[in-house]
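Enquirer: Structure, please.
(one chain, ligands or ions: 2)
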Amino acid sequence: MDRMEELGFRSETDRQIFREAAAPVELSPFGLHSGMFVPTLERQGTPEQSRKWVPLGKSFKMIGTYAQTELGHGTFIRGLETTATFDPETQEFILDSPTLSSIKYWPGNVAKTVNHCLVMAQLYTQGKCHGTHLFLVQVRNMEDHTIMPGLEIGDIGPKLGFDGVDNGFMRFNKYRIPRMNMLMRYAKVLENGDYIKPKNAKLTYGAMVMIRVFIVMDAFKTLSRAAVIAVRYSAVRRQSELRPGGEEAQVMDYQTQQYKLFPLLATSYAFLLAAEGMSQIYAKISSDIERGNLEDMPQLHALACGLKAFCTWVACEGIEVCRMSCGGHGYSHASGIPKIYANIVGACTYEGENTVMMLQTARYLSKCYIRGQRGESLPELIQYLTTDLNVKSTLGEDCSFESLVAAYSHRAARMVAVACKLQQTNKKKGMAGHDAWNKSTVPFIAATKAHCHLFIVRNFVTILSQKKIDPATHNVLSQLCTLYAVYGIVENMGEFMQDGYFNQDQVSILNRKVLALLEDIRPNAVALVDAFDYPDHLLQSCLGRYDGQVYEALYEYSKSSPLNNTDIHSSYYNYIRPMMQKRSESKNISAKL
Ligand SMILES: CCCCC/C=C\C/C=C\C/C=C\C/C=C\C/C=C\CCC(=O)SCCNC(=O)CCNC(=O)[C@H](O)C(C)(C)COP(=O)(O)OP(=O)(O)OC[C@H]1O[C@@H](n2cnc3c(N)ncnc32)[C@H](O)[C@@H]1OP(=O)(O)O
Ligand SMILES: Cc1cc2nc3c(=O)[nH]c(=O)nc-3n(C[C@H](O)[C@H](O)[C@H](O)COP(=O)(O)OP(=O)(O)OC[C@H]3O[C@@H](n4cnc5c(N)ncnc54)[C@H](O)[C@@H]3O)c2cc1C
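Expert: Ligands and ions are numbered 1, 2, ... in the order given. I've put the predicted structure just below:
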């Protein structure tokens, strides 16, 4: 913190980059404090509350986290059981965990690090429940960090990853906080207990939308780091004979290795641009919301949910491909890839389980489809839903951006229409609305993935057509953009072909194009990963080192293994030698017999 002040880092982006550089492989125990706790105080607190608490948070006098999930509920926020009951006599809220399943469980850094939490609880006042609201709760003594009386707090135990974060549990026993500790920007409880409701109950969910936007960038960061490691290693690693009798080939010269890695390189660039585009849309709509204009709130929610789910799913699958493309050394922590995977794969679950998030977007697409069918105007990003599905592709040998975007628009429009028609058919069969919905959710998930894929392809193409980029760079980025789009079609051909949108010749063109692009990108592959400019300190990888001294690094890494501190390990004396002696004695006995 002080170091950031000394270095003059003012923007949150710069501070985040510094934090990641300072703690490259372990997530910071203050990630949630800076990334969720403080921004939520700023956005969900009244101006007075923000003025009081935000400086304390930014100066780390108050260290907090976001405590919403419980043992029994994470996804279904309306089902949360923690209660906050207003006591007008004392002007306090009484927080309570009435059941075992209501115990707060998973909140990051609650176990040992934070002294405050933003707690999501069911608000009760004047005997009535008004749904979930956020409350600022002091959980540890500010003098000696002991747990406040009335609270039980602990660590939840080892996890797949996220080792730098002490996820914990927290149980409230009639724990009192001041009335003014309810975040009251949108909803209020007056001194007499009267409840003033917000313009939209989902404004309380705003913190989650913000993090989902952050996570799209995290998907780029983690996938691109794995791609840097795998591509650099593939340039250094020589294995097997490509030409009989010739020298062993760089594994990057095998077409299969290129087909594994270059689309992931293209995806990394696509996700960076998508994350930037998502952040711009978030900045615009969230500022409208803060000014009271909630018109685009549903569109923001749907986009943030969909991209968070789509990008984290693809990134995690891609990171695994990068690991496996490094052979045995990829499986070692020396590669740096297992830690990247372990830290980001949780993002498919936290901040909204991906399937649930996709279904939120699907619900929005379903409503937009109906509006489109009625001829109503649709937001620009959704207007493709009214695409004429009788049109066939005009794709030619050049695989133009226009024909590729048209293909993705057609695929998404067709798939949304299929899912909506199934939902409508279910209703016509007499199903209740919720059953008609549930019995169409599998096609809706597929359609929503197509919707997100379209957003990313279209965004990449738009930026290349709008930004002023020098011709040489534009040419290479255009190759990456084309590879991302053509690879996506080849890998999902069935969804593009189901209604005969492409003819057989066009399918052949696409299959040829994806292989030709691998050759086009091969000469620039290392330069394209170097362009991310990740320092070795951040990658923490013997395989992805900038100097390519892989074997020297692996040898030094291995020698530093703690197991090498002694030649003979204690297990020999404690287990192996006694076992061998026992065997030899029994052998002597059997020999005598
Ligand atoms: C390099 C490695 C990086 C790793 C990251 C680490 C550090 C990075 C540093 C900084 C980043 C920042 C922070 C830290 C990073 C990571 C985070 C770490 C931990 C994660 C923390 C958490 O997990 S917090 C808990 C998250 N929990 C959830 O997200 C719960 C998900 N559930 C929900 O959101 C809701 O229950 C729901 C949306 C699924 C359903 O809500 P419900 O109330 O039931 O509403 P519905 O009935 O479904 O819909 C009604 C109506 O409301 C609309 N709606 C719903 N939500 C919203 C919303 N948020 N905004 C706007 N509108 C909403 C919905 O669309 C419906 O509308 P219609 O009626 O019109 O259809
Ligand atoms: C690393 C990590 C860090 C976390 N940090 C925090 C934190 O700091 N603060 C915090 O409050 N929480 C935190 N969480 C909790 C996290 O937010 C929840 O785990 C997440 O929201 C998923 O909810 P759940 O666990 O209830 O999953 P569930 O919803 O129980 O998921 C189980 C299955 O049910 C399915 N499912 C659920 N609802 C539906 C539906 N409506 N339709 C179809 N399928 C459905 C899901 O798709 C999934 O396959 C963290 C979790 C992890 C893994």
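
Enquirer: When you work out contacts or count neighbours from here on, use the C-alpha atoms and nothing else.
Expert: Noted.

Enquirer: how is this structure carved up into domains?
Expert: 2-198, 208-377+398-528 (automatic domain parsing).

Enquirer: possible to save those as a markdown table with mean neighbour count and distance to ligand 2?
Expert: Listed next are those as a markdown table, based on neighbours: other C-alpha atoms under 10 Å; distance: least, C-alpha to the nearest ligand atom, whole Å:
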| stretch | mean neighbour count | distance to ligand 2 |
| --- | --- | --- |
| domain 2-198 | 19 | 3 |
| domain 208-377+398-528 | 19 | 4 |
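
Enquirer: Kindly reformat those as JSON lines containing mean pLDDT and distance to Ser571.
Expert: Below are the domains of the chain laid out as JSON lines (pLDDT from 0 to 100; distance: least, C-alpha to C-alpha, whole Å):
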{"stretch": "domain 2-198", "mean pLDDT": "94", "distance to Ser571": "25"}
{"stretch": "domain 208-377+398-528", "mean pLDDT": "97", "distance to Ser571": "23"}
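
Enquirer: how about these in JSON lines, adding distance to Tyr557?
Expert: What follows is the domains of the chain, written out as JSON lines (distance: least, C-alpha to C-alpha, whole Å):
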{"stretch": "domain 2-198", "distance to Tyr557": "16"}
{"stretch": "domain 208-377+398-528", "distance to Tyr557": "7"}
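
Enquirer: Let's verify Asp398: helix, strand, or coil?
Expert: coil (DSSP: H, G, I helix; E, B strand; the rest coil).

Enquirer: distance of it from Thr482?
Expert: Distance, Asp398 to Thr482, using C-alpha to C-alpha, to the nearest Å: 10 Å.

Enquirer: which SSE is the nearest residue to Cys326 once chain neighbours are set aside in?
Expert: Nearest residue to Cys326, sequence neighbours excluded (C-alpha to C-alpha, 6 or more residues apart in numbering): Ala230, at 6.2 Å. Secondary structure assignment for Ala230, by DSSP states H and E: helix 206-236.

Enquirer: Which neighbouring elements make contact with that helix?
Expert: helix 38-44, strand 248-250, helix 255-290, helix 297-324, helix 337-344, helix 525-530 (3 or more C-alpha pairs under 8 Å, 6 or more residues apart in numbering; DSSP states H and E).

Enquirer: so can I have TSV of those showing distance to Ala121?
Expert: As requested, these are arranged in TSV below (distance: least, C-alpha to C-alpha, whole Å):
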stretch	distance to Ala121
helix 38-44	15
strand 248-250	57
helix 255-290	23
helix 297-324	22
helix 337-344	28
helix 525-530	45
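
Enquirer: Quick check: which of the ones you listed is nearest to Arg51?
Expert: Counting by C-alpha to C-alpha, Arg51 lies closest to helix 38-44 out of the helices and strands packed on helix 206-236; the figure is 8.5 Å.

Enquirer: C-terminal to that closest one, what's the next element?
Expert: As the chain continues past helix 38-44, the following element, by DSSP H and E, is helix 47-58.

Enquirer: what does that following helix contact?
Expert: 33-34, 38, 41-42, 62-64, 183, 185 (C-alpha atoms under 8 Å, 6 or more residues apart in numbering).

Enquirer: Could I get the full set of strands for the stretch 51-200 of the chain?
Expert: 64-67, 83-87, 92-96, 104-105, 116-125, 128-138, 151-155, 168-172, 175-178, 188-189, 195-196 (DSSP state E, counting those that start in this stretch).

Enquirer: So what are the sheet partners of the last one and their directions?
Expert: To tie it back to what came earlier, the one meant is strand 195-196. strand 188-189 (antiparallel) (DSSP bridges).

Enquirer: now what about the strand it pairs with, what contacts it?
Expert: Contacts of strand 188-189 (C-alpha under 8 Å, 6+ apart): 125, 179, 182, 195-198.

Enquirer: how about 10 Å then?
Expert: For strand 188-189, contacts defined as C-alpha atoms under 10 Å, 6 or more residues apart in numbering pick out 46, 86, 123-125, 133, 179-180, 182-183, 194-198.

Enquirer: between Asp398 and Thr482, what contacts are shared?
Expert: Joint contacts of Asp398 and Thr482 (C-alpha under 10 Å, 6+ apart) are Lys513.

Enquirer: The residue nearest to Cys326 touches Tyr331, doesn't it?
Expert: No - between Ala230 and Tyr331 there is no contact under C-alpha atoms under 10 Å: 12.0 Å.

Enquirer: quick one: common contacting residues for these two?
Expert: Common neighbours of Ala230 and Tyr331 (criterion: C-alpha under 10 Å, 6+ apart): 323-325, 337.

Enquirer: State the distance from Val189 to ligand 1.
Expert: 20 Å (C-alpha to the nearest ligand atom, to the nearest Å).

Enquirer: Dig out what that residue forms beta bridges with.
Expert: Under the criterion used (DSSP bridges), Val189 bridges to Tyr195.

Enquirer: change the start of the numbering to 507 and stick with it
Expert: All set: I'll call the first residue 507, so the last point we hit is now Val695.

Enquirer: ok, now how distant is it from Thr638?
Expert: 13 Å.

Enquirer: what do the two both touch?
Expert: Joint contacts of Val695 and Thr638 (C-alpha under 10 Å, 6+ apart) are 629-630.

Enquirer: Would you verify that Asn799 is located in a strand?
Expert: No - per three-state DSSP, Asn799 lies outside any strand segment and is coil.

Enquirer: Contacts only, for it.
Expert: 705, 791-793.

Enquirer: near ligand 1, which residues of the chain?
Expert: 533, 537-538, 541-542, 574-575, 580-584, 708, 711-712, 714-715, 717, 720, 724, 728, 803-804, 807, 849-850, 856-858, 862, 866 (C-alpha under 6 Å from any ligand atom).

Enquirer: If we use 5 Å, what do you get?
Expert: Counting by C-alpha under 5 Å from any ligand atom, the positions of the chain adjacent to ligand 1 are 537-538, 541, 581-583, 711, 807, 856-858.

Enquirer: quick one: pLDDT of Ser1096?
Expert: Listed pLDDT for Ser1096 reads 58.

Enquirer: what do you get for Ala707?
Expert: Looking at Ala707, its pLDDT reads 90.

Enquirer: Setting the sequence-adjacent residues aside, check what's closest to Asn932.
Expert: Nearest non-adjacent residue to Asn932, counting by C-alpha to C-alpha, 6+ apart: Ala942, 4.9 Å away.
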